[in-house]
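J.: For reference, the sequence and a predicted model appear below.
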Amino acid sequence: MIPVRERVARIRAKMVAEGAHDYLVLSSDEHLSEYLPRWRMRRAWASGFTGSAGDLRVGHDDARLYADGRYHLQAETELADSSIALAKLGQPGTKTLSQDIEERARSIPNYVLAFDPFTVPLSAAEALKEAVQRAHGSVLEIPGHLVDPLWTDRPTPQASPLLPVPLAWSGQSTSEKLALLRGDLTRSGAHALVAVKLDQIAWLLNLRSQSDVPFNPVFESFLILEPTACHLFVRDPWTRVPASLRSDLGDVQIHDYDDFARGLSRIQGPVLIDPTGVTAGVVSTLEQQGTKILRALSPIEIRKAVKNSAEQEAMRRANLRASVAKTKALLWLRREHAAGTLVTERRFREVIEAAYREQPEFFDLSFDTIAATGPHGAIIHYGGADETPLEEGHLFLIDSGAHIGGGTTDDTRTVAVGRASAEARRIFTLVLKGHINAARQIIPEGIPGTALDALARAPLWNAGLNYDHGTGHGVGAFLNVHEGPFSLSDRERKPHLGQPLREGIVSSIEPGYYRPGFGGVRLENLYLYVKADLAGATRPFLRLEPLSFIPFDPELTEESLLDPPEKAWLAQYHQQCLDKLRPHLKETERYELQALLR
């Protein structure tokens, strides 16, 4: 295996040969995915950092990884002895990638920044170009990633047959979805739409895969939608989309994956492009042939996020089954600890994942289970789950999810291992207050997620505390566990995701707190946004319907810190947990749950 130092050196040599001063190896790929197929994990190969977000800049005499607060501790560990410095985004004085590049462009004569335009969103590429040009530098787009010829043991792409989504889960046929989107195109004045994001294509065509991308039931493909035809570009098309599937695809024409560039060259008329959802390389290709570009948020992204009635029922069904699995696993943990049995992170992960697999219509996990005890809990996206034992007095954070019965789940609980300290109870309760603040708030439809983000942070802010991640994200229906186009976060963290909250979306609410040595607390449920009936309301309002039904640990809850409305919400929620979970638990488990929530 080539050491990371040598990998960086080889990238640097290729970059210098191209005449560039810096080369970018971003976390995204040709489909702008957060979770990548193994053969697209270029940034991880080049740096050794395995987090799902973080960008690498390789310069003539240095290299730097830019990662946000979710990954600071993880990156520090994984970058050790790599020759790569860590830029801890969000910390005072730390420059963003764009700021750093602009400063370097001002200090290096005739500065040249290089990247592969087919792995960079159009919006990000334009922001980088503006930063470099302000400093009188230039940008060199190099189609064909410099990492690819260096990565000699690179995995190969998958080509297994795709799987149809039952109409009972999707709620709409592919033909119905295509008709709606063509109406959107007509209203926008565009002749065609280009999609490179895998969850958009999987949702539109009611197709899934279990082999392309770990934990995400999507498949590598491109799509071009026109008024009278829809073109899908996929590897080994007759194997992946056999005749048995094609009859349900309406007027969709299937092409080889490598013919996508030829497909772009045939587009006539204006093309609708989502600047955050299409790569700069695709847009450069279209512009070079004189095709007019219309910029707008993809209508696929909007329609996918707003769940129809069948998708809503699938999300309710999936999340209840996932709640049963996690509750069973947590009750098991309490029994094991009471009996004096040593439980490790890895052992608990095995137990909860087995509980998911026992649920009817289980498909796969929706992400890599986080099982973090004690100090490991301070690593926001901890992925170790090793033989570390769960020790008396520690906090134990479990973030997990699954694809079940047409829905996708994601929830987090933090529990006490034995007796909790007063500080642990205080921190837990502040986080719980923030969760309740956001979850019980009725909101006007159309406001951005920044409002709920602030409500969730308020109790921590009032104590001089905060957390370095967003409060919530969208979740797909039998799709990616992280979904746009909206976000419950501050604009500085996600400036391009200020989309309005709408009836029918599903989001997480997951405030937290993390401190090295102390560990971490995160409390996450999924919620469906439904219409709120308010007497005298002059505009539509929404309330948040819980989809996750897993008790919050009473032994970590300091009730003296909760006000009466918060106590009422918590009591009602725990009663819902009892009512929802009882029919799916064994008699002994029902007794244990009742005793826990007495």
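T.: Now that the structure is in, tell me what you want to look at. Numbers count the residues shown, from 1 in each chain.
J.: Tell me how far the residue of the chain most remote from its centre lies from Lys129.
T.: The centre of the chain is farthest from one residue, Pro109, which by Cα atoms, centre = their mean lies 39.0 Å away. In this view, Pro109 and Lys129 are 19 Å apart by Cβ to Cβ, to the nearest Å. For glycine as for every other residue, the C-beta is placed from the backbone atoms N, C-alpha and C.
J.: Kindly report the same for Asp563.
T.: 51 Å.
J.: So for the two, which residue has more residues nearby?
T.: Neighbour tally, Asp563 and Lys129, criterion other Cβ atoms under 10 Å: the higher count belongs to Lys129, 16 against 9.
J.: How are the strands of the stretch 151-300 of the chain distributed by residue range?
T.: Using DSSP state E, counting those that start in this stretch, the strands of the stretch 151-300 of the chain run over residues 163-164, 192-195, 207-208, 221-225, 230-234, 252-256, 271-273, 293-295.
J.: avg pLDDT for the fourth one?
T.: Averaged over strand 221-225, pLDDT sits at 98.
J.: same thing with the second one?
T.: Here the mean pLDDT over strand 192-195 is 98, rounded to a whole number.
J.: Could you do the third one as well?
T.: For strand 207-208, the mean per-residue pLDDT is 98.
J.: The last one too?
T.: Per-region confidence: strand 293-295 scores 96 on mean pLDDT.
J.: what pairs with that strand, and is each one parallel or antiparallel?
T.: Its sheet considered, strand 293-295 pairs with strand 271-273 (parallel) by DSSP bridges.
J.: So for Asp410, which of the strands of the stretch 151-300 of the chain sits nearest?
T.: Nearest of the strands of the stretch 151-300 of the chain to Asp410, taken as Cβ to Cβ: strand 207-208 at 17.6 Å.
J.: What pLDDT is listed against the residue farthest from the centre of the chain?
T.: pLDDT, the model's per-residue confidence, is 96 for Pro109.
J.: ok, now Val343?
T.: Taking Val343 on its own, its pLDDT is 97.
J.: residues in contact with the residue nearest to the spatial centre of the chain?
T.: For the chain, the residue nearest the mean C-alpha position is His482 (2.9 Å; Cα atoms, centre = their mean). His482 makes contact with 34, 473-475, according to Cβ atoms under 8 Å, 6 or more residues apart in numbering.
J.: Sort out which residues of the helix or strand Ser323 falls within are buried, please.
T.: Applying DSSP states H and E as the criterion places Ser323 in helix 309-338. For helix 309-338, a neighbour-count test (16 or more other Cβ atoms under 10 Å) marks 310-334, 336-337 as buried.
J.: What are the contacting residues of stretch 249-265?
T.: Stretch 249-265 has contacts (Cβ under 8 Å, 6+ apart) with 173-175, 178, 194, 205, 220-222, 224, 228-238, 241, 246, 282, 285-286, 289.
J.: Could you count how many residues lie near the closest residue to Glu103 other than its chain neighbours?
T.: Spatial nearest neighbour of Glu103, excluding adjacent residues (Cβ to Cβ, 6 or more residues apart in numbering): Lys95 at 6.8 Å. For Lys95, the neighbour count with other Cβ under 10 Å is 15.
J.: Does Lys95 touch Ala85 like I think?
T.: No. With contacts counted by Cβ atoms under 8 Å, Lys95 stays clear of Ala85, the gap being 11.8 Å.
J.: Select, out of the strands of the stretch 151-300 of the chain, the one closest to Leu526.
T.: Each of the strands of the stretch 151-300 of the chain has some distance to Leu526 by Cβ to Cβ; the shortest is strand 207-208, at 19.8 Å.
J.: mind listing what that closest one pairs with, with the direction of each?
T.: When DSSP bridges is applied, strand 207-208 pairs with strand 163-164 (antiparallel).
J.: How many neighbouring residues does Tyr529 have?
T.: Other residues near Tyr529 number 21, with proximity taken as other Cβ under 10 Å.
J.: returning to what we had before: secondary structure class for the residue nearest to Glu103?
T.: Taken by DSSP: H, G, I helix; E, B strand; the rest coil, the conformation at Lys95 corresponds to coil.
J.: Quick one, grab the pLDDT at it.
T.: In this prediction Lys95 is given a pLDDT of 93.
J.: likewise Ala159?
T.: Reported pLDDT for Ala159: 83.
J.: How about Arg70?
T.: Arg70 carries a pLDDT value of 84.
J.: Equivalent analysis for the one 5 residues further on, please.
T.: On the pLDDT scale, Ala75 is placed at 91.
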